[in-house]
Structure formats: structure tokens, C-alpha cells
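S.K.: Show me the folded form of this:
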Amino acid sequence: MKKILLLSICLIFPLRILAQTGLKTGEIAPTFTALDNAGKSIDLKELLKTHKAVVLFFYRGQWCPYCNKQIKQLQDSLQLLTEKGAYVVGVTPETSDNIKTTVDKTRASFSMIQDKGYQIMKAYDVNYTVNNETLSLLTKYGIDLEKNNGNKDHVLPVPATYIINNLGKISFVYFNKDYTKRATVSSLLKAIN
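M.R.: The predicted structure follows:
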């Protein structure tokens, strides 16, 4: 039954996010400052002064098995990423309580940011509004976006991943509207110079 749901959602989601293109390699990364799940101020400009790169990824929420798998893989390889000088940051529309659930599920020890007003998602052109058909399917299978995100907007990100170098430029982009596909850790490690 879950496979049918995932296949249905996979077919519907891309239809609603055709307008999103994400940012491109070589572009200046939009800066941001936000509090992470540990209450630490995350300022992209400041991170780039002390790190070789920032791995910035967007995820949909603790209810998404593909997001949890990606986060677990990042956590499992965190030492490899940090040894190359990278700082990992996840951005999500989910509430801080649900970020705690994500952390519990994945054991993530890196920064996770609740993007309440979607400012970061919008700046990176990854935000979209879930259509009514998809929302109905999600609800049918027990996924309550309003409860998960703490609002009635039904906004999710394309689960994109960016590497931002210490010059503030995007040096790597993985942007795929198929939410089941994610950047591999090996591709991130290769891209951090």
C-alpha cells in the first residue's frame, strides 16, 4: 500500500513544481541568518569565514522516508565532510518539535533550521505549494502538513542540495524535482575542493 502512495505522490508532485528551477552553479549564494535546532545562530557569511564550504540541503519533514534516509547518510558521513572543511545545514518548513523528531529518527548532529516564512527556500527557489490532490493523498496516509509545519500554507521544498564555497559562490547543485532522488555523499565529497 505504501508503494502505491509513494508512486502516486511521485507522479503528482513534479506536476506542481515545474516553475521551480533552483539556483545554478557559479551564482552567488543568498546569505541568511537563522537559529538552528540547538539555538545556535547560523550565519552563512560567518560560516564561510571559518569553513571551506557549506553543504546546504532542503528537506520536507520527519514524515518523509527519503528525507530521513538522506539525513542518516549525511550523519553517517559527517566526519568525512567535516574533515574536508564542510559545515552541514539542513533547512525545512517543519516545526521545531518536528525537527526534534527528525533528529531522534536520524541521530543528526548537524544544524537544522526551521524556515518559518520560507525566506531561505524562496531565496534558493526551491519552495512550492502542494496541490489539493497531493494534499488529500498525504492526509489519507496520515501525513498532516498543517500539523507538521505549524501553518495552513502547504509549502514544501524541492529537496535540493547546494555546496557553497568560501567565496560565497555555489560550486555544486543537486536539484531534482523527483523527491525520491537525492545527492549522494560521494558526489558531495568530490565537489568539496
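
S.K.: Buried residues in the one helix or strand residue 187 maps to, which are they?
M.R.: Element membership for residue 187 (DSSP states H and E) is helix 185-191. Neighbour-count burial for helix 185-191 flags 185, 188, 191 (criterion: 16 or more other Cβ atoms under 10 Å). From N, CA and C alone the C-beta is placed, and that goes for glycine too.

S.K.: Stretch 171-181 now?
M.R.: 171-175, 177, 179.

S.K.: Out of those residues, which comes closest to residue 164?
M.R.: In terms of Cβ to Cβ, no member of the buried residues of stretch 171-181 lies closer to residue 164 than residue 171, at 7.0 Å.

S.K.: next one: the helix holding residue 187 to chain centre, how far?
M.R.: The chain centre lies 17 Å from the centre of helix 185-191; the measure is Cα atoms, centre = their mean, to the nearest Å.

S.K.: Name the surrounding residues that touch it.
M.R.: 55, 73-74, 76-77, 80-81, 84, 86, 161, 163, 171-172, 174 (Cβ atoms under 8 Å, 6 or more residues apart in numbering).

S.K.: now do 6 Å
M.R.: For helix 185-191, the external contacting residues (Cβ atoms under 6 Å, 6 or more residues apart in numbering) are 55, 73, 77, 163, 172.

S.K.: In helices, which of the residues you listed fall?
M.R.: Judged by DSSP state H, the contacts of helix 185-191 include residue 73 as members of helices.

S.K.: Just the buried residues out of the contacts of helix 185-191, in PyMOL syntax.
M.R.: Applying 16+ other Cβ under 10 Å to the contacts of helix 185-191, the buried members can be selected in PyMOL as follows:
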select buried, resi 55+73+77+163+172
